[in-house]
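Student: Have a look at this fold, sequence not included:
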């Protein structure tokens, strides 16, 4: 079990060498970020599943494949695949939810089509909440929806749009956390999105937008 001393070391490693994997993994235990029972059950098949990722090899794949698009996303944003230190490997094997969530964050960005801005991060967060991974994640929903757009005003409009889209995708998609994307690098990303339920039915999304617009109009009428 991780202790505070090891977590502090992970924080230091982040600021001194840019190592983000350990702190991202350890925060799950330190802050009690446990998975819901149904997710725990689905994660058992992924215990110890942690293939290495070579961005240089992936960038050589044909354009439009999952591996190529992932490599381009990572290289463009100066991001390296999250790695876990050797001394945490045994614990990672015992915590498949924490490990899987840590290593899939950037692939979520690619598959969902959200960039790495604050607005993009909120889109991914809305998706994970809609997928019902964790009660603690779900508790973050109101803060994400109502507080963050006020803090990041320059991105508030895009943030709200991403939150709506992320929620809609999360509700209709398969459990993306259990998808072994590492086995499908060479496949077209469009096919994977279709199989995983990540192509939003625009009629449903339009309905959400129309509903919000109608609500605003009613509020304006009442205020008048």
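Tutor: The structure has been received and is ready for your questions. Computed from a prediction, not measured in an experiment: that's the story for all the values here. Numbering: from 1, shown residues only.
Student: Could you use CA atoms for every contact and neighbour count after this?
Tutor: Fine.
Student: Check what pLDDT the nearest residue to residue 40 once chain neighbours are set aside gets.
Tutor: Distances taken as Cα to Cα, 6 or more residues apart in numbering place residue 97 nearest to residue 40, at 6.8 Å, with adjacent residues excluded. Predicted confidence (pLDDT) for residue 97: 95.
Student: so what's residue 97 up against?
Tutor: Residues counted as contacts of residue 97 (Cα atoms under 8 Å, 6 or more residues apart in numbering) are 34-35, 39-40, 43.
Student: rerun at 10 Å
Tutor: Contact analysis of residue 97 by Cα atoms under 10 Å, 6 or more residues apart in numbering lists 25, 28, 33-36, 39-44, 46-47, 133-134, 177-178.
Student: Just the buried ones from those residues?
Tutor: Using 16 or more other Cα atoms under 10 Å as the burial test, the contacts of residue 97 include 25, 28, 33-35, 39-40, 43-44, 46-47, 133-134, 177-178 as buried.
Student: Which of those residues fall within helices?
Tutor: With DSSP state H as the criterion, helices contain 25, 28, 39-40, 43 from among the buried ones among the contacts of residue 97.
Student: Residue 189: which of those residues is nearest?
Tutor: residue 43 (23.2 Å; Cα to Cα).
Student: Wait, residue 155 touches residue 163, no?
Tutor: No - if you go by Cα atoms under 10 Å, residue 155 and residue 163 don't touch, sitting 11.9 Å apart.
Student: any residues in contact with both of those two?
Tutor: Counting by Cα under 10 Å, 6+ apart, the shared contacts of residue 155 and residue 163 are 119-120.
Student: From the neighbour counts alone, determine which of those two ranks first.
Tutor: Neighbour tally, residue 155 and residue 163, criterion other Cα atoms under 10 Å: the higher count belongs to residue 163, 23 against 16.
Student: The more buried one and residue 131, how far apart?
Tutor: In this structure, residue 163 and residue 131 are 13 Å apart, going by Cα to Cα, to the nearest Å.
Student: Need the residues touching each of the two.
Tutor: 125, 169.
Student: Now do the residue nearest to the spatial centre of the chain against residue 116, distance only.
Tutor: Compute the mean C-alpha point of the chain, and by Cα atoms, centre = their mean the closest residue is residue 105, 4.1 Å away. Distance of residue 105 to residue 116, given as Cα to Cα: 11 Å.
Student: shared neighbours of those two, anything?
Tutor: residue 124.
Student: ok, back up a step: which SS state does the residue nearest to residue 40 fall under?
Tutor: At residue 97 the chain is in helix, as set by DSSP: H, G, I helix; E, B strand; the rest coil.
Student: if I look at it, how far off is residue 104?
Tutor: Per Cα to Cα, residue 97 is found 11 Å from residue 104.
Student: Repeat that for residue 169.
Tutor: 17 Å.
Student: what does residue 152 give?
Tutor: For residue 152 relative to residue 104 (Cα to Cα), the value is 25 Å.
Student: swap in residue 68?
Tutor: 16 Å.
Student: Over to residue 174?
Tutor: Per Cα to Cα, residue 174 is found 15 Å from residue 104.
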